[in-house]
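A.B. asks: Model the following, please.
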Amino acid sequence: QVQLVESGGGLVQAGGSLRLSCAASGRTFSNYAMGWFRQAPGKEREFVAAISGRGVFKYYADSVKGRFTISRDNAKITVYLQMNSLKPDDTAVYYCAASRVVTMQLREYDSWGQGTQVTVSS
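C.D. replies: Below is the predicted model:
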C-alpha cells in the first residue's frame, strides 16, 4: 500500500478552475495506477478519472470528459487533477486512490487519501 495526501480543494465560482494534487509515499509509485473519485453529500462515491502507472492510459467519467485532466509526475510521486469549467454539480469531497491495475472500479483501489473538499458556487 501507499500513503496518499490530497490538497488543492477549495471554494470556486461556477466556470472556474482548480488543480488537485495527491502526494504519495513510497518508491514504487510508478507501479500503481492512480484514480480520482468523488463523493457528494448523500451520494455514493463515484469514479472521476484514472491514469496508468506511466501515464500512457487515461480514463474519465462521462460527466467530466473535456473539462478535467488527470496527470502524474512519477519523479515527484504526485498525481494531479486539473478541473476546468467547474459546475455546482462538481461539488464533492475528492479522493485519490491507488490500484495495481488501471480501472474505473472503486473496489480495485486499496489505498485512499483522506479527501479534499471542492465546493462550486453558482
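A.B. asks: Can you name the element that comes right after the helix or strand containing residue 37?
C.D. replies: Secondary structure from DSSP states H and E places residue 37 in strand 33-39. Following strand 33-39 in sequence order, the next helix or strand is strand 46-51 (DSSP H and E).
A.B. asks: Report the buried residues of that following strand.
C.D. replies: 47, 48, 49, 50, 51 (16 or more other Cβ atoms under 10 Å). To be clear about C-beta, it is placed using only N, CA and C from the backbone, and glycine gets the same treatment.
A.B. asks: Among those residues, which one sits closest to residue 66?
C.D. replies: Nearest to residue 66 among the buried residues of strand 46-51 is residue 49, at 11.9 Å by Cβ to Cβ.
A.B. asks: which residues make contact with the host helix or strand of residue 6 from outside it?
C.D. replies: Taking DSSP H and E as the definition, residue 6 sits inside strand 4-7. For strand 4-7, the external contacting residues (Cβ atoms under 8 Å, 6 or more residues apart in numbering) are 20-25, 94-98, 111-116.
A.B. asks: Report all helices and strands that whichever helix or strand comes after that strand contacts.
C.D. replies: Where DSSP H and E defines the elements, the next helix or strand beyond strand 4-7 is strand 10-13. The contact analysis (3 or more Cβ pairs under 8 Å, 6 or more residues apart in numbering; DSSP states H and E) places strand 10-13 against strand 116-121.
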